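# Sequence and computational prediction follow.
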2 protein chains.
Amino acid sequence: MIKKIAHIGIAVQSMSEGLSFFHGVLGLKVSESITREDMGLNITLLRLGEVEIELLEATRPDTPVAKFVSKHGPGIHHVAVEVDDLRGTMADLEQRGFQLIDKTPRTGAHGRLIAFVHPCSAGGVLLELEESPPTE
Amino acid sequence: MIKKIAHIGIAVQSMSEGLSFFHGVLGLKVSESITREDMGLNITLLRLGEVEIELLEATRPDTPVAKFVSKHGPGIHHVAVEVDDLRGTMADLEQRGFQLIDKTPRTGAHGRLIAFVHPCSAGGVLLELEESPPTE
């Protein structure tokens, strides 16, 4: 049911700092930069093989990413995996007693349907389930 | 210089608990299970597309993974990227003022040359550089 790692979400203190390492030093290519004011996030995606690195910069302090950075400092925030059938995967996990943060799918930053699994149900990992794009 | 994500290292409280989620629930296939007494680690690799999930269980309390779990709980411990030329990459990073945990390459759990970059130099991420296998 899980196809691949879609992206690794990394919370940064500042986007320019994050980019100076992942783009400037490691040489990863930027594939997309967006601002989602509704989510309070600036997001930059960098391609690394079949995976993307998703840099997340909070634009205001009342967001999960701002709270994460304030508590833990910058670092790995979540891992997103691509699934064929998001609703089916969610139903399966719920039936097995796993705790989902999102009870119903919602539209993520990149326009795809997503849902988060609670870290307490995923070995401490904040796990994002992302539905495969329909064209694939 | 960076080719792809090699693996995502996840510190688990117990291997059976970690496997029950990543193998039992998500259905990822186990590609390798090893014990490295010298490192105080039980390691299980699960394949997910071109990336591997590396579950890390400490076998004794005086290890970095045991200390990580005791401080943060289980969760994502590090990200490993594959590089063509490990020594060249390390020299380049050092020259730019980045802090390496390993000053010289060492042999990692899977027999490849590795070195860790300090999180303070990599956006809060504990970054493992892993040399590509010679056959690739």
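Here it is on my side, so go on.
# CA only for contacts and neighbour counts going forward, please
OK.
# Return the residues of chain A in contact with chain B.
For chain A, the residues in contact with chain B (C-alpha under 8 Å from any C-alpha of the partner chain) are A:1-5, A:12, A:17-18, A:21-22, A:25-28, A:48-51, A:73-76, A:93, A:119, A:121-125.
# Just the buried residues of those residues.
With burial judged by 16 or more other C-alpha atoms under 10 Å in any protein chain shown, the buried subset of the residues of chain A next to chain B is A:2, A:4-5, A:12, A:18, A:21-22, A:25, A:27-28, A:48, A:51, A:73-76, A:93, A:119, A:121-125.
# Which of the residues you listed fall in strands?
A:2, A:4, A:5, A:48, A:51, A:75, A:76 (DSSP state E).
# Determine which two of those residues are furthest apart.
Of all pairs drawn from those, the widest gap by C-alpha to C-alpha lies between A:2 and A:75 and measures 24.4 Å.
# Helices of chain A, start to end?
A:15-19, A:64-72, A:86-95 (DSSP state H).
# Next one, pLDDT for residue A:136 please.
As predicted, residue A:136 sits at a pLDDT of 48.
# my bad, should have said residue A:108
Residue A:108 is given a pLDDT of 88.
# any idea how far residue B:59 is from the closest residue to residue A:6 other than its chain neighbours?
Residue nearest to residue A:6 in three dimensions, not counting chain neighbours: residue A:81, with 4.9 Å by C-alpha to C-alpha, 6 or more residues apart in numbering or on different chains. As judged by C-alpha to C-alpha, to the nearest Å, residue A:81 and residue B:59 stand 29 Å apart.
# next one: residue A:8
28 Å.
# These two: who's more crowded?
Neighbours per residue (other C-alpha atoms under 10 Å in any protein chain shown) separate residue A:8 from residue B:59, with residue A:8 holding more: 23 against 17.
# and the more buried one, what does it touch?
A:51, A:52, A:53, A:54, A:76, A:77, A:78, A:79, A:80 (C-alpha atoms under 8 Å, 6 or more residues apart in numbering or on different chains).
# Identify the farthest-apart pair in those residues.
Top of the distance list for those (C-alpha to C-alpha): A:51 and A:77, 15.4 Å.
# hmm, back to that, wait, doesn't the residue nearest to residue A:6 sit right on residue A:50?
No: between residue A:81 and residue A:50 there is no contact under C-alpha atoms under 8 Å: 11.6 Å.
# Okay, now the unreliable bits of chain A?
By pLDDT under 70, the low-scoring segments of chain A are A:135-136.
# redo that, cut-off 50
Within chain A, the segments meeting pLDDT under 50 span A:136.
# measure the nearest residue to residue A:83 once chain neighbours are set aside to residue B:36 for me?
Spatially, and ignoring its direct neighbours in sequence, residue A:83 is nearest to residue A:2 (4.7 Å; C-alpha to C-alpha, 6+ apart). Going from residue A:2 to residue B:36 by C-alpha to C-alpha gives 29 Å.
# Which residues does the residue nearest to residue A:6 form beta bridges with?
residue A:5, residue A:129 (DSSP bridges).
# Then residue A:54?
residue A:9, residue A:45.
# wait, doesn't it sit right on residue A:15?
No: here residue A:54 lies out of contact with residue A:15, judged by C-alpha under 8 Å, at a distance of 10.8 Å.
# which neighbours do the two share?
Counting by C-alpha under 8 Å, 6+ apart, the residues touching both residue A:54 and residue A:15 are residue A:44.
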